[in-house]
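# structure for the following, please:
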Amino acid sequence: MTIRQILLLGNPQLYQKSVPVLAEEMETIRSVVVDLRDTMMNFREQYGVGRAIAAPQIGVMKRLLYMSIGDVSTVFINPQLEGMSEEMMEVWDDCMCFPDLLVKVMRYKSCRIRYRNENWEEESMDLHGDLSELLQHEYDHLDGVLAVSRAIDGRYFALKSQKRLLDTW
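Model prediction:
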């Protein structure tokens, strides 16, 4: 079990764009996937949340995402988002890089993600609602974009300890 340190808000590396994974790097990438899983599960144990993580969050500047919801885990290698819906939704976004902060952002209600799996096969998945929001958030990490940069305006930040008050906004 390898738990990596999650880079925190303010670390300049979080604002860098990641580079694509090459087919010949897959042996190394498999160990990064294990690190992503272990790190995310450790975060989930500590904070009670965490459904996906991007490689840049642990300092690996590759276009790689790991998601685990229920009993299903998915690895997204070189993902591409497409087919964004016209309909948007407001969400209070959180992030492992700023675990005590919520940021209200706008996300596409649905989209499609194309990617390669761990066998280097091309796949795609239609995303709606929470899943769409989640993978847009993780995809942003690959481009060096944090949710704090997408805040609707300067008023839409809140500490998680104040979550009970957010419904009044």
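# so which residues of this protein form strands?
52-54, 64-69, 72-82, 88-95, 98-108, 110-116, 122-128, 157-159 (DSSP state E).
# so of these, which one's packed in deepest?
Ranked by mean neighbour count, those are led by strand 52-54 with a mean of 27 (mean count of other C-beta atoms under 10 Å). Using the backbone N, CA and C atoms, a C-beta is placed for each residue, glycine as well.
# who does it pair up with?
Taking DSSP bridges as the criterion, strand 52-54 sits next to strand 64-69 (antiparallel) in its sheet.
# so which residues make contact with the partner strand?
Surrounding strand 64-69, the residues in contact under the criterion C-beta atoms under 8 Å, 6 or more residues apart in numbering are 18, 21, 29, 32-33, 36-37, 40-41, 51-55, 73-79, 115, 131, 134-135, 138-139, 142.
# looking at the strands of the chain, which one has the lowest mean pLDDT?
The stretch with the lowest mean pLDDT among the strands of the chain is strand 157-159, at a mean of 90.
# if the spatially closest residue to P79 that is not a sequence neighbour is in a bridge, with which residues?
With sequence-adjacent residues excluded and distances taken as C-beta to C-beta, 6 or more residues apart in numbering, P79 is closest to Y115, at 4.0 Å. Y115 forms beta bridges with E123, as assigned by DSSP bridges.
# my read: Y115 touches E123, true?
Yes. Using C-beta atoms under 8 Å, Y115 is in contact with E123, at 5.9 Å.
# give me the most central residue, the chain.
Among the residues of the chain, E138 comes closest to the average C-alpha position under C-alpha atoms, centre = their mean, at 2.2 Å.
# okay, and the beta partners of H128?
Assigned bridge partners for H128, using DSSP bridges, are S110.
# distance of it from Y108?
H128 sits 10 Å away from Y108, going by C-beta to C-beta, to the nearest Å.
# quick one: mean pLDDT over stretch 18-25.
98.
# contacting residues around that stretch?
29, 54-56, 61-64, 77-78, 116, 120, 141-144.
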